[in-house]
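> Need the 3D shape of this:
(chains A and B)
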Amino acid sequence: MLTARAGGAIEMRRLTKIYGAERVVDGFEARIAAGEFFSLLGPSGSGKTTTLMMVAGFAAIDEGELIVDGRDLSAVPPEKRGFGMVFQSYAIFPHLDVFENVAFPLRARGAPKERVKERVRWALDLVQLSHLATRHSRQLSGGQQQRVAIARAIVFEPSIVLMDEPLGALDKNLRYDMQVEIKEIQQRLGMTVIYVTHDQEEAMNLSDRIAILNRGRIEQMGAPRDIYEHPANAFTARFLGEANLLRGTVLEGGAGGTYFRVEGGEVLIARPQDKVEGGLAAQLFVRPEKLALSAPHGEAVQAGRNRLIGRVRRVSFLGSMVRYAVELASGASLMVDAPNLSGGLPPAVGDEVAATWPAADSSIVEADAS
Amino acid sequence: MRGAPPDRSVLLLLPALLILALIFLLPLLWFFVRTLLVEIEPAKLPALFASVLSSRPMRIALVTTLWISLVVTAVTLMLGYPLAYYLASRSGIRFSLVIFCVIVPYFTSIIVRTYAWMVLLGRNGVVNQLLLGAGLVARPLPLLYNLLGVVIGMTYVLLPYMVLTLYAAMKGIDPSLLRAARGLGAGRFYAFRRVYLPLSLHGIVSGSLIVLIVSIGFFITPALMGGAGDVTVAMLVERAIEILIDWPSAAIMSLVLLAATLVLYALYGRLTDVRAMLEA
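Down below sits the predicted model:
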């Protein structure tokens, strides 16, 4: 049944959107391979939705080009671009039943009756909604409406599907289930997806690659694990999860690691990085879950590990993990996430502790204002 | 179990209801009772009804009234739909300007507006002067004292009802639905036909019924702008009272108008109710 899809490669060449004097999207550049799941992630106002709207054809491309499978679609109207679309708040047609909603893209393309029937049945099967074909949208739950929207977007087998925060209105548990389903459908059909979201976990769970946007520009682009582990800057570090960022100065770069003096004294080591040289005022980045707490006065620091001594200020029980706020002698604060394991006596507020972590888990990012 | 406490806010309606009852409902009832039941022997009533309703002037007036009302409804719909669409999709200064132009006539007396049209449309009126001056016509067009004049005048008066009703319906259409249609492969026209038009249909029905209801009882505009043959039921009623002093006939004709209006209202209420039920 499944045929390998021809095409679906997208090239965005310096896409720019200008409103008044503001460049809402400024030179968005990305090549998306056929079959890739590509997410645009960013806070509200970062330009992610505007970028998607330019790709969809609802917002004019002020500068740059959109090339799909070698064809320039920059000036093509939305209905001629041939993308499937899932919209924020679903946009289910309220006057049509589930079947007719899903049939809409086929009928708009003048598909013959038999084909409409067969394709709609196929799409509804795929999202497990066949039993609700005659229902009206107002009789559907949020999750069901979402499925209708997905079936409607894939029913004509587009090689590219655009999704604009499709799960934004669902509650948390349902959201995860739907993520799994979307990913499965995307992989089964081998379609290219451009997915807009402001939810980092969602983006990481679904995507082959993520572009992180901030104020109209790409802050970083890459595979989820790469950008999570090695954020290019403080913005990505904070946006993609919790981050410890310690201010200080780079002492010495090099292949063996980067030596870094934290404000207040200690010297720490970070992974080796290009373009990081001695004298640079910067921040040392490490994720809270990389840190481990232990008694402060034990054996010497192991090679390749960093150690900071501090005092537990706050303990937050979050279920699967426990989050500690550790105050350092310099007054800076470290966040430490420890898995909620059984056994042992966990540190309590007021205890003096040592936080240690592998040097390779920390990197140097540029200093920022905050 | 105790019931819900009585809703005292209903009392707020009382003054308005009282006035309505005292100066509108009671006199109306009194008029019908007196003219049809007191001044006439009840036994003669059916015969009177039959003779009034089957009289030639009444039959012609009914047809004229209905025809004018339908034409006016159709014309206001054709003019009002694009106008309402424009309003529903615009905001800011353009919206304010157009809505101002639509609503201002609403606040001007119908007589004033009708006379204004007579100045414009007369044999030597502004429109004919312009057409003659531009050499577009050889002699003045008959724009007044005929059906055309009546339709122009009534359309102008009734357009705000249509536009505002349609606007309300269109404002309720989620604009993302049209975007969804386009994004899923529908051209502008297909998206309009399959999505926008069906979703604005209840506005079309409501607006048309409102215009139809108001048209049926129209008096001033057809009386002033119509020709000798354009006699509506409302004009017959006036004639029966003012000239023929035949109150029973006037009462019967009024009843016919009232009944037609109530039937249309019932239809209107029914259709809007169904919509409310569907949306719940």
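> give me the number of residues near A:Y259?
Neighbour count for A:Y259, taken as other Cβ atoms under 10 Å in any protein chain shown: 17. (Glycine included, C-beta is placed from N, CA and C.)
> so what's it bridging to?
Assessed by DSSP bridges, A:Y259 has beta-bridge partners A:E252, A:I269.
> do you know how far B:R139 is from chain A?
From B:R139 across to chain A, the span is 49 Å (Cβ to the nearest Cβ, to the nearest Å).
> wait, what's in contact with the closest residue to B:L79 other than its chain neighbours?
Spatially, and ignoring its direct neighbours in sequence, B:L79 is nearest to B:L159 (6.2 Å; Cβ to Cβ, 6 or more residues apart in numbering or on different chains). By Cβ atoms under 8 Å, 6 or more residues apart in numbering or on different chains, the contact set of B:L159 is B:76, B:79-80, B:83, B:102, B:105.
> For chain B, which residues are neighbours of chain A?
Residues of chain B lying near chain A by Cβ under 8 Å from any Cβ of the partner chain: B:174, B:176-177, B:179-187, B:190-191, B:194-195, B:198-199, B:278-279.
> Just the buried ones from those?
B:177, B:179-186, B:190-191, B:194-195, B:199 (16 or more other Cβ atoms under 10 Å in any protein chain shown).
> Out of those, give me the two with the largest separation.
Within these, two members stand farthest from each other by Cβ to Cβ: B:G185 and B:L199, at 18.8 Å.
> Name the nearest residue to residue 255, sequence neighbours excluded.
I went with chain A, as the question did not name one. That would be A:P272: by Cβ to Cβ, 6+ apart, it lies 5.3 Å from A:A255.
> The intended chain is chain B.
Among residues not flanking B:L255 along the chain, B:F32 sits closest, at 6.8 Å (Cβ to Cβ, 6+ apart).
> what's the helix or strand for the one you found?
If you go by DSSP states H and E, B:F32 is part of helix B:26-33.
> Equivalent analysis for B:L97, please.
With DSSP H and E as the criterion, B:L97 is inside helix B:92-103.
> So for that helix, what gets flagged as buried?
B:98-99, B:102.
> Stretch A:10-21 now?
A:10, A:12-13, A:15-17.
> cool, stretch B:100-116 as well?
Buried residues in stretch B:100-116 (16+ other Cβ under 10 Å): B:102, B:110, B:113-114.
> From these, which one has the minimum pLDDT?
Checked by pLDDT, the buried residues of stretch B:100-116 have B:I110 as the lowest-scoring entry (83).
> contacting residues for it?
B:I110 sits in contact with B:157, B:220-221, where contact means Cβ under 8 Å, 6+ apart.
> Against chain A, how distant is it?
Noted for B:I110: a distance of 37 Å to chain A, by Cβ to the nearest Cβ.
> What ranges does the stretch 51-200 of chain A have for its helices?
Along the stretch 51-200 of chain A, counting by DSSP state H, counting those that start in this stretch, helices occupy A:98-108, A:113-126, A:142-154, A:172-189, A:200-206.
> can you list the residues that contact stretch A:315-322?
By Cβ under 8 Å, 6+ apart, stretch A:315-322 touches A:289, A:323-325, A:337-340, A:346-349.
> Most neighbours among the residues you listed, please name it.
A:Y324 (26 neighbours).
> is it true that it touches A:L293?
Yes. Counting by Cβ atoms under 8 Å, A:Y324 touches A:L293, with 6.5 Å between them.
> got any residues that touch both of those two?
A:336, A:338, A:347, A:353.
> secondary structure class for the last one?
So the one you mean is A:V353. What DSSP: H, G, I helix; E, B strand; the rest coil gives for A:V353 is strand.
> List the residues that contact it.
A:293-296, A:309-312, A:324, A:326, A:347.
> How about A:E181?
The contact partners of A:E181, by Cβ under 8 Å, 6+ apart, come to A:127, A:150.
> now swap in A:A354 and tell me
A:293-298, A:307-309.
> Give me the residue ranges of chain B where confidence is low.
Residue ranges of chain B with pLDDT under 70: B:1-4, B:273-280.
> switch to 50 and redo it
B:1, B:277, B:279-280 (pLDDT under 50).
> Now the host helix or strand of A:S316: average pLDDT?
Assigned by DSSP H and E, A:S316 belongs to strand A:305-317. Averaged over strand A:305-317, pLDDT sits at 92.
> Show me which residues of it are buried.
A:306-308, A:310-312.
> Make CSV out of the residues you listed and add distance to chain B.
Listed next are the buried residues of strand A:305-317 as CSV, based on distance: Cβ to the nearest Cβ, whole Å:
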residue, distance to chain B
A:N306, 50
A:R307, 54
A:L308, 51
A:G310, 51
A:R311, 53
A:V312, 49
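> hmm, back to that, okay, and which of the buried residues of stretch B:100-116 map to strands?
Under the assignment DSSP state E, the buried residues of stretch B:100-116 contribute nothing to strands.
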